[in-house]
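Peer 1: only geometry, no sequence info:
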């Protein structure tokens, strides 16, 4: 096993955890949108969160195709989070940029 | 060359483009924060965007280490975008959740 293989393998569990941190980091933003700061929903970009959701869904499919959980687990969870953002923005401020 | 190698290689330029879409998708959110909806900056989560920036910086380093532009180009650009969000939130609403 080459050095890169070994280092890569050692990093793999950390990368899976890293892949989960970004989706989980979205929770405070979801909390603000739905609960504490709904009146500021107009400041959120529907385009941004919609594209985040689309891209996460494509990465999820790509990760499943390659049977690579490091890719599909984090992006699958990310997709759920970004869809929650899209729904919250539409509920609280309607169609916007 | 195996089928997976070939399909993977064919997908590679698309994945690089996909890796760029998420950072670029952040531009409308940055525009709202700095220009059109600065008064709604309180609805943005500093924690979320700070963590996005941290994770993007780690993926950038990981991609550079593996000399994989599909990873580091998109994440490097993402890091710049997320830092812009962090700075904008601090300027317009200060330290917040």
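Peer 2: On my side now, so go ahead. Small disclaimer: the values here were computed from a predicted structure and weren't measured. Numbers count the residues shown, from 1 in each chain, chains lettered A, B, ... in the order given.

Peer 1: show me what the longest helix seen in chain A is packed against.
Peer 2: In chain A, taking DSSP state H as the definition, the longest helix is helix A:69-93. Judged by 3 or more Cβ pairs under 8 Å, 6 or more residues apart in numbering or on different chains; DSSP states H and E, the packing partners of helix A:69-93 are helix A:3-25, helix A:27-31, helix A:46-65. Yep, even glycine has a C-beta here, placed from its N, CA and C like the rest.

Peer 1: so for that helix, mean pLDDT?
Peer 2: Average pLDDT, helix A:69-93: 96.

Peer 1: weakest of the helices and strands packed on helix A:69-93 by average pLDDT?
Peer 2: For the helices and strands packed on helix A:69-93, mean pLDDT drops lowest on helix A:3-25, to a mean of 81.

Peer 1: what is that one packed up against?
Peer 2: Packing partners of helix A:3-25 (3+ Cβ pairs under 8 Å, 6+ apart): helix A:69-93, helix B:46-65.

Peer 1: and the residue nearest to the spatial centre of chain A, how far from residue A:12?
Peer 2: Nearest to the geometric centre of chain A sits residue A:78, at 2.4 Å (Cα atoms, centre = their mean). Computed with Cβ to Cβ, to the nearest Å, the distance linking residue A:78 and residue A:12 is 19 Å.

Peer 1: residue A:6: how many residues sit nearby?
Peer 2: If you count neighbours by other Cβ atoms under 10 Å in any protein chain shown, residue A:6 ends up with 10.

Peer 1: contact partners for the residue nearest to the centre of chain A?
Peer 2: For residue A:78, the contacting residues are A:22-23, A:26, A:52, A:56, by Cβ atoms under 8 Å, 6 or more residues apart in numbering or on different chains.

Peer 1: one more pass at 10 Å, please.
Peer 2: By Cβ atoms under 10 Å, 6 or more residues apart in numbering or on different chains, the contact set of residue A:78 is A:19-20, A:22-26, A:52-53, A:55-57, A:59-60, B:22.

Peer 1: with those in mind, which one is nearest to residue A:69?
Peer 2: Residue A:69 lies nearest to residue A:19 out of the contacts of residue A:78, by Cβ to Cβ, at 8.8 Å.
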